[in-house]
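1. Below is the sequence, then the predicted model.
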Amino acid sequence: MATSPRERPTRDREPLDEKEDRQLIELLNELRVALPGVQMLLGFMVAVPFAQRFTALTDRQRALFYAGFITTALASVCFITPASFHRIIWRHGEKGSMLRIASALAIAGTVFLAVSITCVVAVLTSFLYSSAAAVAASAVVSASIAVLWYVMPLAIRLRDRH
């Protein structure tokens, strides 16, 4: 018989070092999922301007593409920073600080990635179809991201607090 979240044993008695080690492993596993996709998107975006049809983009499409490129780069920076941060402060007793900063950067990285994905959808849809289709596709994608990445987890978090 499954237990509800409220019936599960808590980790309140977990020693701080063990808790921080566990949290670091969890964070790194999450970043291992996000980072390859961001890097692949960034690599694709670096190559696109050199394609022959890129010159056919309008100024608005180029601006959206550039916004997507910059936010992809920023997402990559946010997702890679925890590794660099950890190496620099390793063995200096700052794991708790590093975890708080890395967690905030991971969330910031998802925000940059959400903007990037929305921009890419807008550029490609407007190039292939129309501006109206781009608005619709971007709205669906950004709403899906907002609900799945932010609204649902925050709703669960708020529910569990009460």
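-> Nice, I can see it.

2. just for this structure, where's the confidence low?
-> Within the chain, the stretches with pLDDT under 70 are 1-12.

3. so where's the longest helix in it?
-> Scanning the chain for the longest helix, with DSSP state H as the assignment, gives helix 95-128.

4. how far out from the middle of the chain is that helix?
-> 4 Å (Cα atoms, centre = their mean, to the nearest Å).

5. before we move on, what about stretch 54-65?
-> In this view, stretch 54-65 has its centroid 24 Å away from the chain centroid, taken as Cα atoms, centre = their mean.

6. what does stretch 37-45 give?
-> On Cα atoms, centre = their mean, the centre of stretch 37-45 falls 13 Å from the chain's centre.

7. got the contact list for it?
-> 65, 68-69, 72-73, 75-76, 79, 109, 113, 116-117, 120 (Cβ atoms under 8 Å, 6 or more residues apart in numbering). (Glycine included, C-beta is placed from N, CA and C.)

8. Check which residues of it are buried.
-> The neighbour-count check on stretch 37-45 (16 or more other Cβ atoms under 10 Å) flags 38, 41-42, 45 as buried.

9. and the angle from the next helix-or-strand element following the longest helix of the chain to helix 95-128?
-> Next helix or strand after helix 95-128 toward the C-terminus (DSSP states H and E): helix 131-145. Angle of helix 131-145 versus helix 95-128, following axes from the mean of the first three to the mean of the last three Cα atoms, to 10 degrees, is 160 degrees.

10. From G43, how far off is C119?
-> 16 Å (Cβ to Cβ, to the nearest Å).

11. Please read the previous query as pertaining to S138.
-> 22 Å.

12. try L27
-> 24 Å.

13. residues in contact with V135?
-> A122.

14. can you do 10 Å?
-> Residues in contact with V135, defined by Cβ atoms under 10 Å, 6 or more residues apart in numbering, are 122, 125-126.

15. same question, R62
-> So R62 contacts 49, 54-55, 123 (Cβ under 10 Å, 6+ apart).

16. Tell me the gap between the helix or strand where it lies and the middle of its chain.
-> Secondary structure assignment for R62, by DSSP H and E: helix 59-89. Mean-position distance between helix 59-89 and its chain equals 10 Å (Cα atoms, centre = their mean).

17. tell me the angle it makes with helix 131-145.
-> Going by the same axes, to 10 degrees, helix 59-89 makes 30 degrees with helix 131-145.
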